[in-house]
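Q: test case, fold it:
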Amino acid sequence: MKKTSTEAYMATYLHKKGRALGLPISGNFELTARCNFNCPMCYVHLTQEQLKATGKQELTAKQWLDIAKAARDKGMVFALLTGGEPLVRKDFFEIYDGMRDMGLLISINTNGSMLKGEILERFLENPPFRFNISLYGGSNETYRNMCGMPAYDTVKENIRRLRQAGVEVSLNLSITPWNRQDLAKIHADAQELDVNVKASSYMYPSVRVNGDQYGCGNRLSVEESAACALEWDRIRFPEEEFYRRAEGMVSMTETEPEGCPMEEGEGVRCRAGSSSFWMTWDGKMTPCGMMTTPVVYPVEVGFDAAWEELKEKTAAIRTPGKCVDCRYKNLCGVCAAVCFTETGRFDAVPEYVCRRAEALVEANRAAMEERK
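A: Residues are numbered from 1 along each chain as shown. This is a model prediction of the structure:
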């Protein structure tokens, strides 16, 4: 069994227990908003000059370690170090080594461009539990257009070095207008490097960057997003499995829901705010990195008090009642973060997501018709 499968089983079990007991099983630590890339769809990205203009400071290494220790003592097992690009911090290894010494299982989100030289050697000596590397394209040209620098060859070689050393790597793929033409190449690269790819053609609106511009963002249209999701399935699945999945997707939405829409929707169904938390670079704790509310301040009140407050505020969230009995519910991926970033409210229907789900079903239906 692969490590990722083992982790998924273990994480599911621990989060279930943590949710029942109110424990923070996993913490996401957004060490910085700075990045050496400039991706247009990013949900948190500041240059050094922009960071200075905010008048705010990133938490110090000591503050990060104090929070991590308090969270560990409260029950945290998993820690994700993310950004921005976390490796731009000169004191990154002070934070990483300190958390590692706490016995935490650490994963790192990175664009992969800085995993070379001394940085790579330090990781090869003391690797994390897993790297989650964003692969943004299949060529230097795509990287230049999307990220601002032709880093494809560098990133691919860095992944190869990690894999040759037996370090666990998983790839994240954000499908956008800038890289949609590279899907087949990205899949081929993943197979060559023997790594899994988690792809998504849905991009959250970047409200943390764009303020109150809910539902806006540099992303595919509804129809383009559905078409890319279908294309990705064609690429990664054998023909018979592709059509079985298409048939299943269509059939699962053909039954109309019974009864009237509910006035009040569901609470937060995922781990956010019940067994996991997100710490922003400037010291705010939220349920999820996509949300700007609810927010608590562990640096000021202490981790334990902040965690209890966050759980209480998260428990009060309700998503749209209309979504409870919607026939697209298990397909659209609607959640509290989606509702908030699309509409500015938790209880408002995210129309883009609704239309995307409908378009995805129709795209799969058309694919089935073509086969006949």
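Q: what's the burial count for the residue nearest to residue 69 when sequence neighbours are not counted?
A: What sits nearest to residue 69 in space, not counting adjacent residues and going by CB to CB, 6 or more residues apart in numbering, is residue 102, at 6.2 Å. No exception for glycine: its C-beta is placed from N, CA and C like everyone else's. Residues near residue 102, counting by other CB atoms under 10 Å, number 16.
Q: isn't residue 102 right next to residue 67, touching?
A: No: with contact defined as CB atoms under 8 Å, residue 102 does not count as touching residue 67 (11.3 Å).
Q: before we move on, the earlier item: what residues are up against the residue nearest to residue 69?
A: Neighbour list for residue 102: 68, 69, 72 [criterion: CB atoms under 8 Å, 6 or more residues apart in numbering].
Q: repeat that for residue 349.
A: Contacts for residue 349 (CB under 8 Å, 6+ apart) come out as 320, 322, 323, 339, 343.
Q: quick check: the last one touching residue 350?
A: Yes: the pair residue 343 and residue 350 passes the contact test of CB under 8 Å, sitting 5.9 Å apart.
Q: which single one of the contacts of residue 349 is nearest to residue 361?
A: residue 323 (16.1 Å; CB to CB).
Q: how confident was the prediction at that closest one?
A: pLDDT for residue 323: 90.
Q: could you do residue 41 as well?
A: Reading off the model, residue 41 has pLDDT 87.
Q: repeat that for the one 5 residues further on.
A: The predicted structure scores residue 46 at 75 on the pLDDT scale.
Q: correct me, but it touches residue 30?
A: No: Residue 46 is beyond contact range of residue 30, at 11.6 Å (criterion: CB under 8 Å).
Q: who touches both of these two?
A: Here residue 46 and residue 30 have residue 84 as joint contacts, going by CB under 8 Å, 6+ apart.
Q: of these two, who's got more company?
A: In this view residue 46 and residue 30 are compared by other CB under 10 Å, and residue 30 has more residues nearby, 23 against 20.
Q: show me what contacts that one?
A: Neighbours of residue 30 in contact, by CB under 8 Å, 6+ apart: 44, 82, 83, 84, 278, 279, 280, 281, 289.
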